Structure formats: structure tokens, C-alpha cells
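Trainee: sequence? don't have it. structure:
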């Protein structure tokens, strides 16, 4: 199955490389160019992180790098270096979820009940009143 994978060009990579974090402690990072290309690919396609093509590396690595750098604000610098403008305008959430309900899902037949409740049936007074 042929896929159109996204890869950063040499020119794009040269523009964003100075904005990458350096000198961090911990395990050696996986190839930044491959992971960033995977992140951009996933953002462009809108697919689930779990569906990330294997060519970009483990999907957990791709997602964790995106998540960690998002919290640190690194993506704003990278996107600015790529596009020349700030990508973040505002934060908006839109949910178009809908659930199909059966026509009688709102309850039983409507209208006022003419039958008195059990509490008032015996002598017309509420049972808890003296």
C-alpha cells in the first residue's frame, strides 16, 4: 500500500534545527528529523497517533515528543521558523458529536397523569403528614 509520507526538506530542516532543545539530560534522543517529520505528517492527516506510519519510528515516541515539546512551547518557535508567522491564533474547541435517539427515548407517554400517586390514594392526604 503506497502512502504519501511527509519528510522535511534540507532547507526546512536548516531553518528549524537551531530552535531544537540542546543539552538535555536523559537518554539519547531518536533522530529529530524523522520524528518531527512524523509529527507534521500526523498533524496534516489528522489521523490517530496509533496509526502513525512505522517509517517515522514508534508512534509512542512521535506522540511523546509532540506532547512534551507542546508543553514547553517549542512548537511555536518551530512553526514560526517554517512559516514566518505565529500559528497559534486562539484556542477553540468544537464538538459536532450527535447521538441518534429513538423517538420514545425521552420517556413514556406524555401528558398529565389522571391517576393519583400511591401516597395520596388511601385518604387523599400524604402518608408522611399527621
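Mentor: All right, it came through fine. Predicted model, so just to flag it, every value in this text is computed and none were measured.

Trainee: in this protein, which spans are helices?
Mentor: With helices called from DSSP state H, the chain shows them at 10-16, 32-45, 59-72, 74-83, 118-121.

Trainee: Pick the most deeply packed of these.
Mentor: helix 32-45 (a mean of 19; mean count of other CB atoms under 10 Å). Any C-beta I mention is one placed from the backbone N, CA and C, and that applies to glycine too.

Trainee: on contacts alone, who are the packing partners of it?
Mentor: helix 59-72 (3 or more CB pairs under 8 Å, 6 or more residues apart in numbering; DSSP states H and E).

Trainee: Touching the helix it packs on from outside, list them.
Mentor: Residues from elsewhere that reach helix 59-72, judged by CB atoms under 8 Å, 6 or more residues apart in numbering: 21, 30, 35-36, 38-39, 42, 49-52, 56, 75.

Trainee: circling back: redo the helices of the chain as a markdown table? Include distance to residue 25.
Mentor: A markdown table is the format used below for the helices of the chain (distance: least, CB to CB, whole Å):
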| stretch | distance to residue 25 |
| --- | --- |
| helix 10-16 | 22 |
| helix 32-45 | 17 |
| helix 59-72 | 14 |
| helix 74-83 | 17 |
| helix 118-121 | 70 |
